[in-house]
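Student: Everything below, folded, please.
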Amino acid sequence: MLLPVSPHPTADNSRLVTPGANSGLFEVFRRRYLLTLIIRKEVGIRYRGSVLGWLWSYVKPLVQFVVFFVALGIFLNLNASIPFYPIYMLSGITIVTFFNEAFSNGTRSLVDNAALIKKIYLPREMFPVASVLVAAVNTIPQIVVILIIAIFLGWAPSVLHVLAVIFALVIVTVLAVGLGMLFGSVNATFRDAQSFVEIIVMCAVWASPVMYRWHMVADNVPGWVFDLYRLNPLTPAVELFHWGIWTPLGGANSAPMPGLLMYSFIALGIAVVVLVVGQIVFRRLEGRFAQDL
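Tutor: Numbers count the residues shown, from 1 in each chain. Next comes the predicted model:
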């Protein structure tokens, strides 16, 4: 005996969603376990087949530090004009290196994971976010080296100094995620974006007070140019790092960059805007990733 079929199905369709739909970055952190797996994969690939392994995270920044210290600290005599110049320079190099690695890896993240993107669906924002977090993992040894040297030299920070270092890392992280999504989504279609990022990364270390003091810029450019210089989010981030690590050692007699707190919050605001724009562009171009890759 056939039962009558109701013209109004009683199945609950309220939980059905469009295939591939997600809530962007919120979906990434909702699937934290999957994000952890990608980070482990990226870290494993980075050091696979390497004899030194994690030691490269210490060797590379130290070699870069020695080169710059000899060229600028000794030959240009900045070591005499800036107290504890090695710590000043090493702390600046660390925060900019973190940005450069996170930004560069985020831009390449979709192209590098093209095979995975074509096979299965998962929130694609996960790849640039994972690249930034991998860069953060690689930066931790560098920060440890700085702190050990600073403690040996008598570093005695206050709570505000520690918060300044954390604030700098937050600014750079948010900025790198936003730029990684923005340029990473464009790079999936136009590989020129990767070359453009290489130019930005090359200029980043000189566009902020990493190896020189901020007043060297203020003394040689018009006021409006110095204002633009301070609006670069990396500038207050680097200065926060200096204030947190270098100032408690020997930079206490050197005034911080004028308006450092204000420009730090402006930098965070700019980073958030870049993050929102990056997410919007990413979502608009996401439908083409599998085809373009």
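
Student: can you map out the helices along the stretch 1-150 of the chain?
Tutor: 25-30, 32-47, 56-68, 78-81, 85-112, 114-119, 126-152 (DSSP state H, counting those that start in this stretch).

Student: tell me the most buried of these?
Tutor: Among the helices of the stretch 1-150 of the chain, helix 85-112 has the highest mean neighbour count (mean count of other CB atoms under 10 Å), at a mean of 24. For glycine as for every other residue, the C-beta is placed from the backbone atoms N, C-alpha and C.

Student: helices or strands next to it in the packing?
Tutor: Packing partners of helix 85-112 (3 or more CB pairs under 8 Å, 6 or more residues apart in numbering; DSSP states H and E): helix 56-68, helix 78-81, helix 126-152, helix 159-187, helix 192-204, helix 234-245.

Student: before we move on, back to that, minimum distance to Arg230: which of the helices of the stretch 1-150 of the chain has it?
Tutor: helix 85-112 (15.4 Å; CB to CB).

Student: measure His161 to Trp155 for me?
Tutor: 9 Å (CB to CB, to the nearest Å).

Student: what is in contact with these two at once?
Tutor: The contact sets of His161 and Trp155 overlap at 245, 248 (CB atoms under 8 Å, 6 or more residues apart in numbering).

Student: Settle it for me: which of the two has more neighbours?
Tutor: Shown here are His161 and Trp155; by other CB atoms under 10 Å, Trp155 has more neighbours (20 against 17).

Student: Give me the below-cutoff pLDDT ranges for the protein.
Tutor: Within the chain, the segments meeting pLDDT under 70 span 1-24, 46-54, 57, 61, 250-254, 290, 292-293.

Student: roughly how far apart are the spatially closest residue to Val238 that is not a sequence neighbour and Phe241?
Tutor: Distance criterion CB to CB, 6 or more residues apart in numbering; nearest residue to Val238, sequence neighbours excluded, is Ser208 at 4.6 Å. Ser208 sits 10 Å away from Phe241, taking CB to CB as the criterion.

Student: what touches both of the two?
Tutor: Shared contacts of Ser208 and Phe241 (CB under 8 Å, 6+ apart): Gly92.

Student: residues near the residue nearest to Val238, how many?
Tutor: Per other CB under 10 Å, the neighbour tally for Ser208 reads 25.

Student: Number the residues from 16 up from this point.
Tutor: Noted, 16 is the first residue going forward, which turns the last one into Ser223.

Student: Now do the SS call for it.
Tutor: With DSSP: H, G, I helix; E, B strand; the rest coil as the basis, Ser223 sits in coil.

Student: can you check the one 3 residues further on too?
Tutor: Under the three-state scheme (three-state DSSP), Met226 adopts coil.
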